[in-house]
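# Please find the sequence and the predicted model below.
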Amino acid sequence: MADPTLRERLLADHDAIPTSALRRLWRTGRSALGVGAALVRSRRGDELDLSQLEGVVHELGGLKGVAMKVGQMLGYLDAGMPPELRQMMSTLQTAAPSAPLEEVHEVLREALGERAQALIDTLEPAPLAVASIGQVHRACLPDGTQVIVKVRHRGIEAALRADFRSASLGKVFAAIAGTPAIRDIIEEARTAFLEECDFELEASRQQRFGEIFADDPDVVIPAIEPAWCGPGVLVARFVGGRSLAEFLATAPAQAERDRIGGALFRFWVRTLYREGLFHADPHPGNFAILDDGRVALYDFGCVRQFDRPLLQGFARLGEATRRDDPAAMSAAIAGLGGVPPGDDAGREHLRQLLRGFFGPLLHEGARAIAADEGFEARTIMRDKLAVGRLQLPGRTLFLFRLRFGLYAVLAQLGAVLDWSALERSWARALVA
């Protein structure tokens, strides 16, 4: 569980977001060196400097944008990291240096005009959470409705654009290496992250997911209050709940774990196959477990839409991998618009890559997902050149992010279900 003292220190601090590409690159590099030094010390068996690690977490949280998102993912995705570092990084899922309250009030007034005062009068000064794009406060509407008010960080769009100007180095590498898919992936990530700054778009997505899960007994999507939303401001009904760590600390029964695991799997996988729509940010800070056992899902800024041909290609890829059929795997890669390997060694590497990617879903019968199943983040990085040679469309970037993040969450939860049968039941209509 994340150290609450560290969380409180982060939320109590105020740090303006740097928007200069050079300054952000320098601070991001400094943070990366800090993480790298911690990994080296851990492998040598040396004691870690916790104050130095806290400084790295503070730096990533102050940067917001891409740097903070990477820190969030490291906090739950890479089981190979030292536990002290993972624990601190997990704090970034809900906490970072916050914007001053006066700045929050200014954003509300700019978005809502005179009506903003009704929210300001009841706005709790301390944020509930601070994320990479905005921060969340509790408030009350004039009719007494309890709500959350999400306010966009000032300067975040400029910061993201600066991050992706730095990522232009990746485009140069792609041109040299002859792997245009890398350029496509960078552009897809840029589009998705900048869309997260559009809170009116996020509100419409949240409403759409609310419609999809309106009759689901285990999934709750907080209702949007459209009359109180505006540029840089999103207002939704307040839904309380416990974090995943708080829930696990109660030593829940297996049946509770299974119910929650099934709800999360439906939310993240069923909508992909049925609606071509999915929430692409599956970290534990984006859901809470209610007292009645239901799961509330938040933060619909990063949502991707897939067309039917790509969904069919992905479903065929999963089926080929389950059958362990290398020829069908190559055909499915081509069907997705990629370039399958042309030699035996390349095809075997692709087979290993896909069996790692789909790993937890290759086994029939009810089972828990182990913490080391799938690829850890460091393994993905080792294979990045081979993945680049496949030249898959950039849109598939978020499918990979979805899978690895979801596996990590379900492994922590310890739910026992027949994951393979569930996915196949939803994918079957696409491959028939």
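It's in. These figures come from a predicted structure and were not determined experimentally. Numbering: from 1, shown residues only.
# show me where pLDDT drops low in the stretch 251-400 of the chain?
374-388, 397-398, 400 (pLDDT under 70).
# sec struct for residue 409, please.
At residue 409 the chain is in helix, as set by DSSP: H, G, I helix; E, B strand; the rest coil.
# what's the distance between it and residue 13?
Here residue 409 is placed at a distance of 28 Å from residue 13 (C-beta to C-beta, to the nearest Å). Quick note: C-beta positions are derived from backbone N, CA and C, even for glycine.
# So between the two, which is more surrounded?
residue 409 (24 against 15; other C-beta atoms under 10 Å).
# where exactly do the helices run in the stretch 151-300 of the chain?
Taking DSSP state H, counting those that start in this stretch, the helices of the stretch 151-300 of the chain run over residues 156-166, 168-177, 180-195, 199-212, 244-248, 254-265, 271-275.
# What does the pLDDT read for the closest residue to residue 164 other than its chain neighbours?
Sequence neighbours aside, residue 190 is the residue nearest to residue 164 in space, at 4.5 Å (criterion: C-beta to C-beta, 6 or more residues apart in numbering). Looking at residue 190, its pLDDT reads 83.
# For the nearest residue to residue 122 once chain neighbours are set aside, the count of nearby residues, please.
Counting by C-beta to C-beta, 6+ apart, residue 122 lies nearest to residue 140, which is 4.1 Å off, once chain neighbours are set aside. By other C-beta under 10 Å, the residues close to residue 140 number 16.
# coming back round to it: can I get the helices of the stretch 151-300 of the chain in CSV including distance to residue 340 and mean neighbour count?
Converted to CSV, those look like this (distance: least, C-beta to C-beta, whole Å; neighbours: other C-beta atoms under 10 Å):
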stretch, distance to residue 340, mean neighbour count
helix 156-166, 30, 20
helix 168-177, 18, 13
helix 180-195, 13, 18
helix 199-212, 34, 18
helix 244-248, 38, 17
helix 254-265, 29, 18
helix 271-275, 23, 19
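# what would these look like in TSV with distance to residue 102?
Putting the helices of the stretch 151-300 of the chain into TSV (distance: least, C-beta to C-beta, whole Å) gives the following:
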stretch	distance to residue 102
helix 156-166	18
helix 168-177	36
helix 180-195	26
helix 199-212	20
helix 244-248	32
helix 254-265	38
helix 271-275	39
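# of all these, which lies closest to residue 312?
Nearest of the helices of the stretch 151-300 of the chain to residue 312, taken as C-beta to C-beta: helix 271-275 at 9.9 Å.
# Not counting its own residues, what contacts the closest one?
209, 212, 277-279, 306, 311, 315, 402, 423, 426-427, 429-430 (C-beta atoms under 8 Å, 6 or more residues apart in numbering).
# Dump the C-alpha coordinates for it into PDB.
In PDB, the C-alpha atoms belonging to helix 271-275 read as follows (Å, rounded to 0.1, in the frame of the first residue of the first chain):
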ATOM      1  CA  THR A 271     -16.500  -3.400 -24.600                       C
ATOM      2  CA  LEU A 272     -13.500  -3.800 -26.800                       C
ATOM      3  CA  TYR A 273     -15.100  -6.700 -28.700                       C
ATOM      4  CA  ARG A 274     -18.700  -5.600 -28.600                       C
ATOM      5  CA  GLU A 275     -18.500  -1.800 -29.100                       C
END
